[in-house]
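**Student:** Next come a sequence and a model predicted from it.
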Amino acid sequence: MDLGYYTLDEAHGLVPATLLEWAAMFDDISKRRVGYDIVDGVTVSTVFLGTDHGFGGHREFFETMTFGGAYDQLLIGRCATWDEAVEGHRVTVNRLRAGYHPAR
């Protein structure tokens, strides 16, 4: 039965979970952190959310946000897979390093 909660397996694939399993995973950031970088005082954080934040059939389990400066709490994007999250994090960090707005 799918309760809407997920954890990740060793290959970063989604695993349906109970609320207690999800909470145990969620409590340990190392189990769900995809990326964390600081660029010119702006923190870029990409994490696994453990629940689907998508709408209209679009699945979104991962989220990249920025914190600090002009980009404080700017939601950059959400995506469905670990690999997409890694790429989204990389693109955001590179844009900040190049002096571009991270969401463009």
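**Tutor:** Cool, got the structure. All values derive from a computational prediction rather than experimental measurement. Numbering: from 1, shown residues only.

**Student:** Can you give me the neighbour number for the residue lying closest to residue 13 once chain neighbours are set aside?
**Tutor:** Nearest residue to residue 13, sequence neighbours excluded (Cβ to Cβ, 6 or more residues apart in numbering): residue 82, at 7.8 Å. The C-beta positions use only the backbone N, C-alpha and C, and glycine is treated the same way. Residue 82 has 18 neighbours, counted by other Cβ atoms under 10 Å.

**Student:** so who does residue 82 touch?
**Tutor:** Applying Cβ atoms under 8 Å, 6 or more residues apart in numbering, we find residue 82 in contact with 8, 12-13, 34, 48, 62.

**Student:** Now restrict those to buried residues only.
**Tutor:** Among the contacts of residue 82, those scoring as buried are 8, 34, 48, 62 (criterion: 16 or more other Cβ atoms under 10 Å).

**Student:** Go through the chain and flag its longest helix.
**Tutor:** Scanning the chain for the longest helix, with DSSP state H as the assignment, gives helix 82-97.
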